[in-house]
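Asks: next input, structure requested:
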Amino acid sequence: MTTGLSFAQATTLVALWTAYAALHSLLASLTVKRWIAQRWPGAMPAYRLAFNALAVVLLVPPLWLTFAWGGEPLWQWQGAWAWLANGLAAAALAAFVWSLRFYDLAAFAGTAQWRGGSRSVDGDAALRISPLHRYVRHPWYALALVILWTRDMDAARLVGTVCVSLYLWLGSLLEERKLLLQHGDAYARYRRRVAGLVPLPGRILSRAEADQLANPERTRTPT
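Replies: Numbering: from 1, shown residues only. Below you'll find the predicted structure:
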């Protein structure tokens, strides 16, 4: 095991993570999906499945090199700090597992589109605000950041953590462009009310406010 990370190794890791982020964002874009839907409509039912499979496969090279080039730790959580860091990571993981009940996992994985032969590009038109979405607009990204930054860190892992953190931030901005196209004013109102990745005082929705934003047609003026 090496004690540090050379410039060439660090550059390689940054290049791999950057390439992964660029390709992942490109394939997730409405522009590419609409282009494929126009030219090869028969491929669309398998698109989400293939997208997810490719995303997993392309993670292997940067992750493998990150652990292969790991050296002496830059920092390790000790004592009470270790309990705090691991507790936060465990809480984030538990929150992620709990949040799965509010997602259509078959649609997320792509199996629903495959079984149903769906050629849809834009996805569900309904805006849904889960409990965690009342606190931040991108709860899975926020939980991932907690897990990433509560781990012991060596130089290679730090490079990867910084790259992934930047991509989660940039990816959230790109995702919101699609959500604004998909949900229009409803998402614009939601975005004005709720913070992106870090919960902020005064920008947390109550259950009633979340229901009002997601279902404005149900709102009635009190008499």
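
Asks: mind listing the strands for this structure?
Replies: Along the chain, the segments classed as strands by DSSP state E run 73-75, 153-154.

Asks: out of the ones you listed, which is closest to Ala28?
Replies: Nearest to Ala28 among these is strand 153-154; the distance by Cβ to Cβ comes to 28.5 Å. Where C-beta positions appear, they are placed from N, C-alpha and C, glycine not excepted.

Asks: re the thing from before, of the strands of the chain, which is nearest Leu49?
Replies: strand 153-154 (34.3 Å).

Asks: how about residues contacting that closest one?
Replies: Outside strand 153-154, the residues within contact range by Cβ atoms under 8 Å, 6 or more residues apart in numbering are 5, 70-75, 161.

Asks: repeat for stretch 187-199
Replies: 127, 129, 133-138, 141-142, 145, 168-169, 172, 176, 179-180, 203-205, 209, 213-214.

Asks: where does this structure dip in pLDDT?
Replies: Within the chain, the segments meeting pLDDT under 70 span 1-3, 122-125, 217-223.

Asks: can you show me the helices along it?
Replies: Listed in chain order, the helices of the chain (DSSP state H) span residues 7-28, 30-39, 47-68, 79-99, 105-109, 111-116, 139-149, 155-183, 185-193, 207-214.

Asks: now these as a markdown table including mean neighbour count?
Replies: What follows is the helices of the chain, written out as a markdown table (neighbours: other Cβ atoms under 10 Å):
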| stretch | mean neighbour count |
| --- | --- |
| helix 7-28 | 15 |
| helix 30-39 | 13 |
| helix 47-68 | 15 |
| helix 79-99 | 13 |
| helix 105-109 | 13 |
| helix 111-116 | 15 |
| helix 139-149 | 18 |
| helix 155-183 | 17 |
| helix 185-193 | 15 |
| helix 207-214 | 15 |
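
Asks: how close does the most centrally placed residue in the chain get to Trp83?
Replies: Centrality entry for the chain: nearest residue to the mean C-alpha point is Tyr141, 4.3 Å, by Cα atoms, centre = their mean. As defined by Cβ to Cβ, to the nearest Å, Tyr141 lies at a distance of 25 Å from Trp83.

Asks: kindly report the same for Leu65.
Replies: Distance, Leu65 to Trp83, using Cβ to Cβ: 31 Å.

Asks: now swap in Leu166 and tell me
Replies: With the distance defined as Cβ to Cβ, Leu166 ends up 29 Å from Trp83.

Asks: what of Leu205?
Replies: The value you get for Leu205 to Trp83, if Cβ to Cβ is used, is 32 Å.

Asks: ok, Phe108 next?
Replies: On the measure of Cβ to Cβ, Phe108 and Trp83 end up 33 Å apart.

Asks: just Leu127 next, same as before
Replies: In this structure, Leu127 lies at 39 Å from Trp83, with Cβ to Cβ as the measure.

Asks: again with Gly202
Replies: As defined by Cβ to Cβ, Gly202 lies at a distance of 31 Å from Trp83.

Asks: likewise for Ala10?
Replies: As defined by Cβ to Cβ, Ala10 lies at a distance of 31 Å from Trp83.
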